[in-house]
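Trainee: Okay, here's the prediction I keep looking at, along with the sequence it came from:
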Amino acid sequence: MARTFRSLRRQNLSAQVVREIGLSIMRKEFQPGDALLSEPELSQQFNVSRPVLREALKVLAEKGLIESRPRTGTRVRPRTDWNLLDPEVLTWQYEVGPDPAFLEAVCEVRLMFEPMTARLAASRATAEEIETIERACGRLEELVEEAEPYIEADLAFHSAICAAAHNELLQRIVATLAAPLRASRLVTARLPGANRRTMPLHRRVAEAIRQGQELAAEEAMRELIVLTTEDVHRALGYSGTGPDLSLSTCPGQGEAPATAREGGE
């Protein structure tokens, strides 16, 4: 049976069409390859003009959710083609419920770059940047029992570490991942005890960076991300395998002596 859409309010019509169709795709009311109704039929359902509808379909196509071709019409694309980092796509996904596989992928990506980010920060951070990191860590401790403020403080903490790594490409990557990183925090920050459980590791990361201990900073951050992955699993009520900390550690790193930052305090 064809999906029936309701008529829309007369403000931001194109954006409303985008949202309605986007949410329907997120809810799996359409499967990959399914065709949407024709433009005249969709225009009538939404009670919008053809130009408004075409603009909405263009936006959805740019997000990778649909494609339009002559003779075959407008069809839903497979998830592998979606722009999963698009803020609206992320928002729609979490409106219909968090995706465990996507959150697992976020944790894996964090494990790939955040430990090295902390290591670089330990060797490159200026005195002012160290102060910013420690201040952000102190803010985390103050807000450990508050979900929403804690999320903002946690993002600020990790952002300060990224800035202290002094790598322009890394900063752009983190900016691109801002939405999924926030989404993962939304899941874990409301889990009873999760924020307090990770607090000692946040402090260890900040202290290692302050002392210029590169390996210690890297290891503490790695443990923090692994613990966060476990919290994601707990929050979603399933037992995922998660990353193996012992396998994530490169040979020779375990007990190597930390080197102090040259010229550091």
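Mentor: Thanks, I have the structure now. Numbers count the residues shown, from 1 in each chain.

Trainee: domain parsing for the chain?
Mentor: 13-81, 99-248 (automatic domain parsing).

Trainee: for these, which one ends up most surrounded?
Mentor: domain 99-248 (a mean of 18; mean count of other CB atoms under 10 Å). Placement of C-beta: from N, CA and C, glycine included.

Trainee: and it, what's its mean pLDDT?
Mentor: Mean pLDDT, computed over domain 99-248, is 90.

Trainee: what about it, distance to the chain center?
Mentor: Relative to the mean C-alpha coordinate of its chain, domain 99-248 is positioned 12 Å out (CA atoms, centre = their mean, to the nearest Å).

Trainee: One more: stretch 71-85?
Mentor: 21 Å.

Trainee: How about stretch 16-30?
Mentor: 21 Å.

Trainee: residues in contact with the residue most central in space within the chain?
Mentor: By CA atoms, centre = their mean, the mean C-alpha position of the chain lies nearest to Pro180, the distance being 1.4 Å. Residues counted as contacts of Pro180 (CB atoms under 8 Å, 6 or more residues apart in numbering) are Leu84, Leu85, Leu90, Phe102, Val106.

Trainee: and after the helix or strand where it lies, which helix or strand comes next?
Mentor: Under the criterion of DSSP states H and E, Pro180 resides in helix 178-188. Next along the chain after helix 178-188, taking DSSP H and E as the criterion, comes helix 194-210.

Trainee: what angle sits between that next one and helix 178-188?
Mentor: Interaxial angle, helix 194-210 versus helix 178-188 (axes from the mean of the first three to the mean of the last three CA atoms, to 10 degrees): 130 degrees.

Trainee: Now whichever helix or strand comes after helix 194-210 - C-alpha only, CSV.
Mentor: On the C-terminal side of helix 194-210, the closest following helix or strand by DSSP H and E is helix 214-236. C-alpha atoms of helix 214-236 as CSV (Å, rounded to 0.1, in the frame of the first residue of the first chain):
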residue,chain,number,x,y,z
GLU,A,214,52.4,11.1,25.6
LEU,A,215,52.0,7.3,26.1
ALA,A,216,50.1,7.8,29.4
ALA,A,217,47.7,10.3,27.7
GLU,A,218,47.2,7.9,24.8
GLU,A,219,46.5,4.9,27.0
ALA,A,220,44.1,6.8,29.3
MET,A,221,42.1,8.1,26.3
ARG,A,222,41.9,4.6,24.9
GLU,A,223,40.6,3.2,28.2
LEU,A,224,38.1,6.1,28.3
ILE,A,225,36.7,5.3,24.8
VAL,A,226,36.5,1.5,25.6
LEU,A,227,34.6,2.3,28.8
THR,A,228,32.3,4.6,26.9
THR,A,229,31.6,1.8,24.4
GLU,A,230,30.6,-0.5,27.3
ASP,A,231,28.2,2.2,28.5
VAL,A,232,26.7,2.5,25.0
HIS,A,233,26.0,-1.3,25.1
ARG,A,234,24.5,-1.0,28.6
ALA,A,235,22.3,2.0,27.6
LEU,A,236,20.9,0.1,24.6
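
Trainee: on that earlier part again, in helices only, show me the contacts of Pro180.
Mentor: Using DSSP state H, the members of these that fall within helices are Leu90, Phe102, Val106.

Trainee: Go through these and name the one nearest Ala217.
Mentor: Proximity of these to Ala217 (CB to CB) peaks at Val106, which lies at 21.4 Å.

Trainee: Brilliant, that's me finished.
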